[in-house]
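Q: no sequence on hand, only this structure:
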C-alpha cells in the first residue's frame, strides 16, 4: 500500500471512530463529556490532516514506496511467545511473566542481533517497564494483577 493510500485510509478511519465516540458522548452529562469531547476534536483534526496529506500527494508522483517486508519468522515467533506469555501469567504471575517476556521479546527483536550487549539493554528495558507497571497498577491505582507461583 502506498503512503498516499495509507494516509487516506488512516485519516478516514480516525474521523469515523472519533464521530462514533462523539455521538456516544452525547449521552453523557456535559461535565463528564468535556475531556472526551476535546480528545475527539483532536482525533478529527488529526484525521483531516492525514486526509489532506493523502490528497496533497501528487498523483503524478507514481513512485511506489516499497512495502515493508514482514519477516514472517519473527512475527510467528512473537505471536507464539505472546500466547505462551498469556498462559504463563496465570501460573507464574503477571510481573514475572511480563519481565521475562519483555527481556526475551526485545532481545529477539532488536536490530543488533542476539549479543550480550543487546541482552543487557533488553534487561534494563524490562526492569524499567516492569517497575513502572508495578508502581502504576499496584501502588498508585491499587488494581490487583494476576498472581501466580512467584508474584
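A: Ah, there it is. All of these numbers come straight from a predicted model, not from anything done at the bench.
Q: could you give me the buried positions within stretch 108-119?
A: Judged by neighbour count (16 or more other Cβ atoms under 10 Å), stretch 108-119 contains these buried residues: 110, 118. Heads up, the C-betas are built off the backbone N, CA and C, glycines and all.
Q: which residues does it contact?
A: 74, 77, 78, 81, 103, 107, 121, 122 (Cβ atoms under 8 Å, 6 or more residues apart in numbering).
Q: tell me the one of these nearest residue 139?
A: residue 103 (22.4 Å; Cβ to Cβ).
Q: give me the local confidence score for the closest one.
A: At residue 103, the model reports a pLDDT of 94.
Q: what number of residues lie near the closest residue to residue 28 other than its chain neighbours?
A: In space, and not counting its chain neighbours, residue 28 is closest to residue 36: 7.4 Å by Cβ to Cβ, 6 or more residues apart in numbering. Using other Cβ atoms under 10 Å, residue 36 is surrounded by 14 other residues.
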